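Participant: one predicted model, sequence on top.
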Amino acid sequence: AAAGSKSDFSSSWRRRPSITSTAAFSFSSSSDDDSPSTPTSSTSSPDNNNNHRQRALSLYRQLLRGAERMPTPNRQNYIKRKTRDEFRKHKSLTDQEEIEFQLRLADTNLDTVLVQAEHLSRLFGDPEYQNYN
């Protein structure tokens, strides 16, 4: 297939392993730094909380790294700011279903960031696109 064709795009956009349906995400971060904190719940097991914490930390880091792939500083800063704001907003969640929903949402957001970064980088690097500006 030619570069940029639909088949080329569909085979290369998802570069990371899929998340199982039981995985979840809660944007959370400490107010003193940019590292996420763990949501806690009195009704969940310590293993489940640790799993959520590990998933949240991993997604947080991946989202911040994904922001660096955006082609412009404004887009990079927006993704970083939005990620940090969402983590802070949800850091005190205790409902396991809501935590799992937020983890799935963050996973979807990560996919979106990576796809947009690749697409926009190709678009901005295309000399034909530059002729329209």
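Facilitator: Structure received.

Participant: what residues sit buried inside the longest helix seen in the chain?
Facilitator: For the chain, the longest helix by residue count, based on DSSP state H, is helix 96-125. Using 16 or more other CB atoms under 10 Å as the test for burial, helix 96-125 gives 96, 99-107, 109-111, 113-114, 116-118. Bear in mind the C-beta positions are built from the backbone N, C-alpha and C, glycine included.

Participant: and it, what other elements does it pack with?
Facilitator: When contacts are defined as 3 or more CB pairs under 8 Å, 6 or more residues apart in numbering; DSSP states H and E, helix 96-125 sits against helix 46-68, helix 73-89.

Participant: quick one: low-confidence ranges for this protein?
Facilitator: Applying pLDDT under 70 to the chain flags the ranges 1-44, 130-133.

Participant: repeat that for 90
Facilitator: Within the chain, the stretches with pLDDT under 90 are 1-50, 124-133.

Participant: if we can go back for a sec, can you lay out the helices and strands packed on helix 96-125 as JSON lines showing distance to Phe124 and mean neighbour count?
Facilitator: As requested, the helices and strands packed on helix 96-125 are exported to JSON lines (distance: least, CB to CB, whole Å; neighbours: other CB atoms under 10 Å):
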{"stretch": "helix 46-68", "distance to Phe124": "15", "mean neighbour count": "17"}
{"stretch": "helix 73-89", "distance to Phe124": "10", "mean neighbour count": "16"}
